[in-house]
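Undergrad: everything below, folded, please.
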Amino acid sequence: MKHHKFSKPSIDHMEGVHPKLVAIAHRALEISPIDFGVGKTGGFRTRMMQDALYKSGASKKDGLTHVSKHQYGAALDPAPWVNGPSNDPEHYAIVAGAFLVAACEMGVKLWWGGLWPTFKDMPHLQLDDSEYELDVTQLGNW
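TA: Have a look, this model is predicted:
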């Protein structure tokens, strides 16, 4: 299996993401049969970034009344790359599977939005609340 590597932009887009989740992403990229990266809004988000995604219909969280896990670095949205960017649900599932295996190997509880019963958020992976302490100082950096 070919080992993929994160591009500099993907690494930059993970700045502010919890170290556990970044480590899981690196391990997932090692074991995933599908290459993936992290887009500009796929990692840490300011309130303004979150609000823009909400207004565009790309998120259910407005960033103020309903704060996203992205706003405190507890979520990541990897973007599958198969002959270019892919929105194929199967590709998201394969990438998410690699994340879940990596999290299991590291003993970290991780949730995938593709398994949620109401709103299927295929790219979304987030740490369980028990895996981090909320740093409210980071939320003030909006």
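Undergrad: quick one: the strands in this structure?
TA: 35-38, 75-76, 78-81, 110-112, 125-127 (DSSP state E).
Undergrad: deepest of the ones you listed, which one?
TA: Mean neighbours per residue, mean count of other C-beta atoms under 10 Å, is largest over the strands of the chain for strand 75-76, with a mean of 26. C-betas here are computed from N, CA, C, even on glycine.
Undergrad: and the gap between the nearest residue to residue 26 once chain neighbours are set aside and residue 76?
TA: Spatial nearest neighbour of residue 26, chain neighbours left out: residue 6 (7.3 Å); criterion: C-beta to C-beta, 6 or more residues apart in numbering. From residue 6 across to residue 76, the span is 12 Å (C-beta to C-beta, to the nearest Å).
Undergrad: so what sits against both of those two?
TA: Residues within reach of residue 6 and of residue 76 at once, by C-beta atoms under 8 Å, 6 or more residues apart in numbering, are 14, 25, 38.
Undergrad: residues contacting the second one?
TA: Read it as residue 25. Neighbours of residue 25 in contact, by C-beta under 8 Å, 6+ apart: 6, 14, 17, 38, 76, 78, 99, 102.
Undergrad: output those residues as CSV; include the columns distance to residue 86 and pLDDT.
TA: Formatted as CSV, the contacts of residue 25 follow (distance: C-beta to C-beta, whole Å; pLDDT from 0 to 100):
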residue, distance to residue 86, pLDDT
6, 17, 97
14, 20, 97
17, 22, 96
38, 14, 98
76, 17, 98
78, 11, 98
99, 16, 98
102, 20, 98
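Undergrad: what is the nearest of the residues you listed to residue 134?
TA: Minimum distance to residue 134 across the contacts of residue 25 is 14.3 Å, recorded for residue 17 (C-beta to C-beta).
Undergrad: burial count for the closest one?
TA: Residue 17 has 22 neighbours, counted by other C-beta atoms under 10 Å.
Undergrad: phi and psi next, for it.
TA: Dihedral pair for residue 17: phi -80, psi 140, per degrees, to the nearest 10.
Undergrad: who are the contact partners of it?
TA: Contact analysis of residue 17 by C-beta under 8 Å, 6+ apart lists 25, 43-44, 73, 75-76.
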